[in-house]
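Chemist: Model the structure of this input:
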Amino acid sequence: MKISTVREFRDRATGFLRSKDPVLVTRRGKLAGVFFPSPEATLPLELKRELFGMLSRSIAAQIKRRGLSEEQLIADFERWRKERRAPRRRR
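Modeler: Numbers count the residues shown, from 1 in each chain. Presented below is the predicted three-dimensional model:
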């Protein structure tokens, strides 16, 4: 697995896209994202668990910080899904 800053990832994106190694992308020393270049590539189960845990904790912290409830999140998602499915009118 490679580690890259956002700027380095942007500047070397073509090379990262050709690579088969996942890339942890950091911004100011903190995890900004994870790039998986190929759906065929498999990650070790332990890494998948660790990433899932990190992402889950991050999402939970954001929800708590914003003071949202599960019902609010579900309602917001349903609203978004209905808007996405609604036919768009041409002007």
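Chemist: tell me the domain ranges of this protein?
Modeler: For the chain, the structural domains run 1-40, 43-91, going by automatic domain parsing.
Chemist: Show me what counts as buried in the first one.
Modeler: Translated: domain 1-40. Ser4, Phe9, Phe16, Pro22, Val23, Val25, Thr26, Phe35 (16 or more other Cβ atoms under 10 Å). In short, each C-beta sits where N, CA and C put it, glycine included.
Chemist: How far off centre is that domain?
Modeler: Computed by Cα atoms, centre = their mean, to the nearest Å, the chain-centroid distance of domain 1-40 equals 12 Å.
Chemist: After the top helix by length along the chain, which helix or strand is next?
Modeler: Identified as the longest helix of the chain according to DSSP state H is helix 45-66. Where DSSP states H and E defines the elements, the next helix or strand beyond helix 45-66 is helix 70-85.
Chemist: residues of that next one that come out buried?
Modeler: Per 16+ other Cβ under 10 Å, helix 70-85 contains no buried residues.
Chemist: which outside residues touch it?
Modeler: Ile63 (Cβ atoms under 8 Å, 6 or more residues apart in numbering).
Chemist: which stretches of this protein have low pLDDT?
Modeler: The model of the chain has pLDDT under 70 over residues 38-41, 88-91.
Chemist: What sits closest to the residue positioned nearest the centre of it if chain neighbours are left out?
Modeler: For the chain, the residue lying nearest the average C-alpha position, counting by Cα atoms, centre = their mean, turns out to be Gly33 (5.9 Å). Of all residues beyond its chain neighbours, the one nearest Gly33 is Val25 (4.6 Å), with distances taken as Cβ to Cβ, 6 or more residues apart in numbering.
Chemist: elements contacting the one helix or strand the one you found maps to?
Modeler: For Val25, the enclosing helix or strand under DSSP H and E is strand 23-27. Here strand 23-27 is seen to pack against strand 2-5, helix 6-11, strand 30-35 when contacts are counted using 3 or more Cβ pairs under 8 Å, 6 or more residues apart in numbering; DSSP states H and E.
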